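Engineer: Provide a 3D model corresponding to the input given below.
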Amino acid sequence: MYQKNGDRYFVVDGHVHFWDGSPANQRNKYGEGFIGCFYDYHRNLSPEEYVWPREKFERYAEDDLMSDLFDRGHVDVAIFLPTYLTDFYVNGFNTTEQDGAVAERHPGKFIVNGSWDPRDGEDGLRALEALAKRWNLKGAKLYTAEWKGNSKGWKLSDPWSYRYLEKCQELGITNIHVHKGPTIWPLNRDAFDVADVDDAATMFPDLNFIVEHCGLPRLEDFCWIAAQEPNVYGGLAVVMPFIHSRPRYFAQVMGELLYWLGEDRLLFASDYALWHPKWLIERFVDFQLPQDMQEEYGALTPDMKSKILGLNAARLYGLEVPEGTAAAEEERLQPT
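Structural biologist: This is a model prediction of the structure:
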């Protein structure tokens, strides 16, 4: 566990990948453009010493993954969130099967999540059931802007989406991670709109909807939805790197999230390999809202940071939290 100033932090990285965006796996110009857009986010929002060459970024080694997360990166447990993108990549960009193989080689380090797409109909429901059985799924990652043939996206409120959410309830897949953040070329910005989360969260109160990237750039819409839907959470991937490039903007976003959702519904995420967890965690533990903002939002305490860095995700996924972690005993007594 990461330790600083006498406080110990159990860190769950809520959003990691082991992708293959290499030229050999690119199906077309869209696959090349997608990983290129990812790389631009990586270059522009990372400290210079953490920027990789593009070749490595496109396809990094498993040894890099393990070292960056667990040896150097202060992460105790990481959550794989797959993104298939099979219209862009021959073998998929980052699939459950690829993630699961890594997880099996490193027991106790990873949580494997599945994925589904309502456009796959009955065949997809059967495939989801098989994934759940194979990997004991407790969560799924949804990518509403993914292209499939002539379709350039779907909504959580679509009738077939409800069929899949019902199947998730049946299978015990209670954590629904939904990408609702900045667009990535060539995907369409409007297909990542957060509005459909509102209806789904109301209709499925027993599921947890973790909105990845907190709806950025639609932060206000997300906050108003989350304020009235207690089963909506904010995944901080993409939010976190602004702690380096635009610290006051980061403070404003965190202040709004803390005001509307509170520290119990925010989950740390590096989005590795977009960003390295080491510098994100270290800077977050050291971070404090500017004094003028504290007058409105209050201060970030070690207990609040401990919840965000790992205890909230541990509660959602039923992870055992080591004793001695800030706020751990309180969290251990909370119902899931």
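Engineer: hey, where'd the strands end up in the stretch 51-200 of the chain?
Structural biologist: 77-80, 110-112, 114-115, 139-142, 175-179 (DSSP state E, counting those that start in this stretch).
Engineer: Give the partner strands of the third one in its sheet and their orientations.
Structural biologist: Take DSSP bridges as the rule and strand 114-115 pairs in its sheet with strand 139-142 (parallel).
Engineer: For the strand it pairs with, what does the pLDDT average out to?
Structural biologist: On average, the pLDDT along strand 139-142 is 98.
Engineer: residues contacting Leu187?
Structural biologist: Taking CB atoms under 8 Å, 6 or more residues apart in numbering, we find Leu187 in contact with 34, 145-147, 152-153. The way it works is simple: take the backbone N, C-alpha and C, and place the C-beta from them, glycine included.
Engineer: most neighbours, which of those?
Structural biologist: The most crowded member of the contacts of Leu187, judged by other CB atoms under 10 Å, is Glu146 (23 neighbours).
Engineer: Could you count how many residues lie near the nearest residue to that one once chain neighbours are set aside?
Structural biologist: The shortest distance from Glu146 to any non-neighbouring residue, by CB to CB, 6 or more residues apart in numbering, is to Leu85 (6.2 Å). Residues lying near Leu85 (other CB under 10 Å) number 24.
Engineer: show me what contacts the nearest residue to Leu216 once chain neighbours are set aside?
Structural biologist: Computed as CB to CB, 6+ apart, the closest residue to Leu216 that is not its neighbour in sequence is Gly181, at 5.1 Å. By CB under 8 Å, 6+ apart, the contact list for Gly181 reads 192, 212-216, 237-238.
Engineer: Closest one of those to Leu258?
Structural biologist: Nearest to Leu258 among the contacts of Gly181, counting by CB to CB, is Cys214 at 11.6 Å.
Engineer: May I have the secondary structure class of that closest one?
Structural biologist: Secondary structure, DSSP: H, G, I helix; E, B strand; the rest coil: Cys214 is helix.
Engineer: Check what pLDDT it gets.
Structural biologist: 96.
Engineer: How about the one 10 residues further on?
Structural biologist: Among the per-residue scores, Trp224 holds a pLDDT of 97.
Engineer: residues contacting it?
Structural biologist: By CB under 8 Å, 6+ apart, the neighbours of Trp224 are Trp260.
Engineer: So it lies in a helix, does it not?
Structural biologist: Yes: using three-state DSSP, the assignment for Trp224 is a helix.
Engineer: gap between it and Pro159?
Structural biologist: For Trp224, the distance to Pro159 equals 25 Å [CB to CB, to the nearest Å].
Engineer: what does Ser306 give?
Structural biologist: Note on Ser306: its distance to Pro159, by CB to CB, is 41 Å.
Engineer: And these two? Which one has more around it.
Structural biologist: Ser306 (25 against 7).
Engineer: just checking, that one touches Val11?
Structural biologist: No: the criterion here is CB atoms under 8 Å, and Ser306 misses it with Val11 at 9.4 Å.
Engineer: picking up where we left off before, for Thr301, state which of the contacts of Gly181 is nearest.
Structural biologist: Cys214 (20.6 Å).
Engineer: pretty sure that closest one contacts Gly234?
Structural biologist: Yes: using CB under 8 Å, Cys214 is in contact with Gly234, at 4.3 Å.
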